[in-house]
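*Asks:* How does the following fold in three dimensions:
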Amino acid sequence: MITINELELVLFIGFVVMTGMYFKVKAEMYTHKRMTAEIFMRIANGSMKVKETEEGFDIVAVGE
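*Replies:* Numbers count the residues shown, from 1 in each chain. Here you go, the predicted structure:
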């Protein structure tokens, strides 16, 4: 029979939680990269443009 002590149980739970958090952050980074690449492609194609404002920059569609 396999036995574990309290420290091993706590470490196992910690590793499971950290692994779950890692994959969540990895998925969020992928989504962010995909959205950023799509915006850059629209700017490169000319369907969107970067407009300078007093507070910084704004991305607007070409028709606006």
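
*Asks:* which stretches of this structure form helices?
*Replies:* Using DSSP state H, the helices of the chain run over 6-45.

*Asks:* Give me the residue ranges of it where confidence is low.
*Replies:* Counting by pLDDT under 70, the ranges of the chain that qualify are 64.

*Asks:* So what's the residue count around Phe23?
*Replies:* 10 (other CB atoms under 10 Å). Using the backbone N, CA and C atoms, a C-beta is placed for each residue, glycine as well.

*Asks:* and if you look at Ile43?
*Replies:* 14.

*Asks:* roughly how far apart are it and Lys49?
*Replies:* From Ile43 across to Lys49, the span is 7 Å (CB to CB, to the nearest Å).

*Asks:* Report the set of residues contacting both of the two.
*Replies:* By CB atoms under 8 Å, 6 or more residues apart in numbering, Ile43 and Lys49 have these common neighbours: Ile59.

*Asks:* What about Lys33, how many residues nearby?
*Replies:* Other residues lying near Lys33 total 10 when counted by other CB under 10 Å.

*Asks:* just Arg42 next, same as before
*Replies:* Neighbourhood size, Arg42 [other CB under 10 Å]: 15.

*Asks:* start the count at 152, not 1, going forward
*Replies:* Got it, first residue is 152 now, which makes that one Arg193.

*Asks:* who's in contact with the closest residue to it other than its chain neighbours?
*Replies:* Closest residue to Arg193 apart from its sequence neighbours, by CB to CB, 6 or more residues apart in numbering: Met199 at 4.2 Å. By CB under 8 Å, 6+ apart, the contact set of Met199 is 190, 193, 210-213.

*Asks:* got a winner among the residues you listed for most neighbours?
*Replies:* Scoring the contacts of Met199 on neighbours with other CB under 10 Å, the highest-scoring entry is Arg193 at 15 neighbours.
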